[in-house]
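# Just a sequence and a predicted model for now, questions to come.
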Amino acid sequence: MKKHFLKGLLIKITSVACSAAILCSSVAIDASAATINNDTSTGSSQTDTIVWPEAPEVNSSSCILIDADTGSILFERNSHEKCYPASTTKILTGLLTIENCNLDDVITFSQAAANSINVTEDANLGSKAGEQYTVDQALHGLLLYSANEIAYALGEHVAGSMDAFVDMMNAKAKELGALDTHFANPSGLFNANHYTTAYDMAMIARGCYNNASFVSIDSMADAYVIPPTNMTPTQRTIRHRHKMLKGRAYYYEYCKGGKTGFTDESQNTLVTFAEKDGMRLICVVFKEPDDEIRYVDTRALFDWGFANFQKSTTTGSQLGAMFSNDNYYNSSVFSNLALDFGLNASFITIPNKSSLSDVTMTVDDNYDMTNENGVMTTHLKFLYNNNTVGTTTLNISAAGTDTGSLLPYAETSTSSSYKPKQCIRINIWIIVGIGVVILFIIYIIDERARRKRQRRHYNRRRRHF
């Protein structure tokens, strides 16, 4: 009786061990899939229960629509394809100028700046060597009129030399999340080594759109007057080239500015900011066939985005619940040490009629993680199925060390501290080996029982005869 009990117990243990091995394998595979398969496939059903809104048809072969506050990618098409940005480059030039200068500073044109463009072909204000502008006047000439010689002069003023400014541009681009970008000049005039992607330009535009001084200049729909200077006796009146601002051919009431661009190599490019009912969107369209279509495509994507998505607030406790799932514990940033995580309320952007229960969080293993003074900075993604609906940067430190949350656009909320689950890591082959040993023991017990039954049967037959 005892042997039958032991046999049954061993069979149960074996079943549990094998199930654990299979479960461990499937969890690891699922976690990898959640991290790797994060490309946005818009305009189609993601699963039987989670459906992404169907997007409009657009002509651009490389474009993207994101939420400026959450980083959610609402629509994308070939957004990581290498493209030439043309004059959309100037938004980064403008941002660096605003971050490093006072608006009432005076810049003086060098001979190199004055001679940096083809006067008959490139957009310019005819600035001369020795001519002086305030930084504020120069920024209006840069962002509204797209004057190329002003881009050159601002670069020299900010960094001291063109090479130094280009280095600043590339460093700032990476800081903003544009990792597949390389700039060679501050204007966007064609250079084979001056390229970006629609995704990267959206990340750069996100940094610009969250700078109040930048938006104040770039959203100006009225005419702007540059008064006479030391080299030009007459005033110059300029207007924004973006045709979705008020009074333009493609006026869009929610448009808050943007930047146009064109070269023969880039075709028509356009970056646009829009805001409606508290939702702020950024649209980038590259490789557009003509000037008019880029505005039609941009409006179609904005209308679709505003109509089909909502901004949702996540609380600290909800973030904690998402953060403590297996995707984190199977990621490359897992540590056996107890860690502290400061998580505050934040925003995500999800389709209408969906809920936070459809959203998961994962660690972006492809993010360039840094570790300074015992604090590791990593990147988290909020996923609605395979669609990234929010991103955030998080500081992680050993338990007991002060750590700060870097969640962007967070509402005031009490942060919480979360520690990893206590996990025992077991090699799957060890589990299989244990299972084999247990099966061998079961075989020995069965074999001995069979032989004993045979002997009893043999003895009965002998007594019978």
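That came in fine, so what should we check first?

# Check Asp69 and give its pLDDT.
At Asp69, the pLDDT value in this model is 89.

# Ignore what I typed, I meant Trp429.
pLDDT, Trp429: 62.

# Please apply the same query to Ser44.
38.

# One more: the one 10 residues further on?
Glu54 is assigned a pLDDT of 91 by the prediction.

# Double-check that it belongs to a helix.
No: membership of Glu54 in a helix is not supported by DSSP: H, G, I helix; E, B strand; the rest coil, which gives coil.

# burial count for it?
The tally of other residues near Glu54 (other Cβ atoms under 10 Å) stands at 11. Every C-beta, even on glycine, is put in place using the N, C-alpha and C of the backbone.

# so where does Glu156 fall, helix or strand?
If you go by DSSP states H and E, Glu156 is part of helix 148-159.

# what do you get for Ser213?
helix 212-218.

# can you check Cys63 too?
Cys63 is part of strand 62-67, with elements assigned from DSSP H and E.

# mind saving the C-alpha coords of that strand as CSV?
Output in CSV follows, covering the C-alpha atoms of strand 62-67 (Å, rounded to 0.1, in the frame of the first residue of the first chain):
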residue,chain,number,x,y,z
SER,A,62,7.7,57.4,-44.7
CYS,A,63,5.6,59.1,-42.0
ILE,A,64,4.5,59.0,-38.3
LEU,A,65,1.9,60.4,-35.9
ILE,A,66,2.7,60.5,-32.2
ASP,A,67,1.3,62.0,-29.0
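
# any weak-confidence spans in the stretch 251-400 of the chain?
In the prediction, the stretch 251-400 of the chain carries residues with pLDDT under 70 at positions 313-346, 355, 364-379, 392-400.

# The same query, at a cut-off of 90, please.
For the stretch 251-400 of the chain, applying pLDDT under 90 flags the ranges 310-400.

# and Asn352, how many neighbours?
The local packing of Asn352 (other Cβ under 10 Å) involves 9 other residues.

# Just confirm Tyr252 is within a strand.
No: looking at Tyr252 with three-state DSSP, it is coil, so not inside a strand.

# okay but it is in contact with Ala300, surely?
No: using Cβ atoms under 8 Å, Tyr252 is not in contact with Ala300; the gap is 10.8 Å.

# Show me what counts as buried in the next helix or strand after the helix holding Glu156.
Using DSSP H and E, the next helix or strand after helix 148-159 towards the C-terminus is helix 162-175. The neighbour-count check on helix 162-175 (16 or more other Cβ atoms under 10 Å) flags 162, 165-166, 168-170, 172-173 as buried.

# can you put these in a markdown table and add distance to Ser312 and pLDDT?
Putting the buried residues of helix 162-175 into a markdown table (distance: Cβ to Cβ, whole Å; pLDDT from 0 to 100) gives the following:
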| residue | distance to Ser312 | pLDDT |
| --- | --- | --- |
| Met162 | 45 | 96 |
| Phe165 | 40 | 98 |
| Val166 | 40 | 98 |
| Met168 | 36 | 98 |
| Met169 | 35 | 98 |
| Asn170 | 35 | 97 |
| Lys172 | 30 | 97 |
| Ala173 | 30 | 96 |
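
# In those residues, find the pair that's most separated.
Based on Cβ to Cβ, the longest span within these runs between Met162 and Ala173 and measures 16.4 Å.

# what's the span of stretch 156-167 from first residue to last?
Start-to-end span of stretch 156-167 (Cα to Cα, to the nearest Å) is 12 Å.

# neighbouring contacts of it?
96-97, 100-101, 105, 107, 110, 112-113, 135, 152, 155, 168, 183-186 (Cβ atoms under 8 Å, 6 or more residues apart in numbering).

# Then stretch 92-100?
Under Cβ under 8 Å, 6+ apart, the answer for stretch 92-100 is 135, 138-139, 142-143, 151, 154-155, 157-158, 165, 168-169, 172-173, 183, 186-187, 204, 207-208, 211, 213-214, 217-218.

# buried subset of the contacts of stretch 156-167?
Here, 16+ other Cβ under 10 Å leaves 96-97, 101, 107, 110, 113, 135, 152, 155, 168, 183-186 buried among these.

# and the helix or strand Gly94 falls within, which residues are buried?
Using DSSP H and E, the element containing Gly94 is helix 90-100. Buried residues in helix 90-100, counted by 16+ other Cβ under 10 Å: 90-98.

# now for whatever helix or strand comes next after it, which elements pack on it?
Counting by DSSP H and E, the next helix or strand C-terminal to helix 90-100 is strand 106-108. Using 3 or more Cβ pairs under 8 Å, 6 or more residues apart in numbering; DSSP states H and E, the elements in contact with strand 106-108 are strand 132-134, helix 135-143, helix 148-159.

# Tabulate these (TSV), appending distance to Ala223 and mean pLDDT.
Below are these laid out as TSV (distance: least, Cβ to Cβ, whole Å; pLDDT from 0 to 100):
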stretch	distance to Ala223	mean pLDDT
strand 132-134	17	98
helix 135-143	10	98
helix 148-159	17	98
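
# Identify whichever of these lies nearest to Asp122.
Using Cβ to Cβ, the nearest of the helices and strands packed on strand 106-108 to Asp122 is helix 148-159, at 4.7 Å.

# quick check: angle from the closest one to helix 90-100?
30 degrees (axes from the mean of the first three to the mean of the last three Cα atoms, to 10 degrees).

# Report the inter-axis angle for helix 148-159 versus helix 162-175.
Going by the same axes, to 10 degrees, helix 148-159 makes 80 degrees with helix 162-175.

# got the angle between helix 148-159 and helix 135-143?
Using the same axes, to 10 degrees: helix 148-159 against helix 135-143 is 130 degrees.

# Please identify the buried residues of helix 148-159?
Neighbour-count burial for helix 148-159 flags 148-159 (criterion: 16+ other Cβ under 10 Å).
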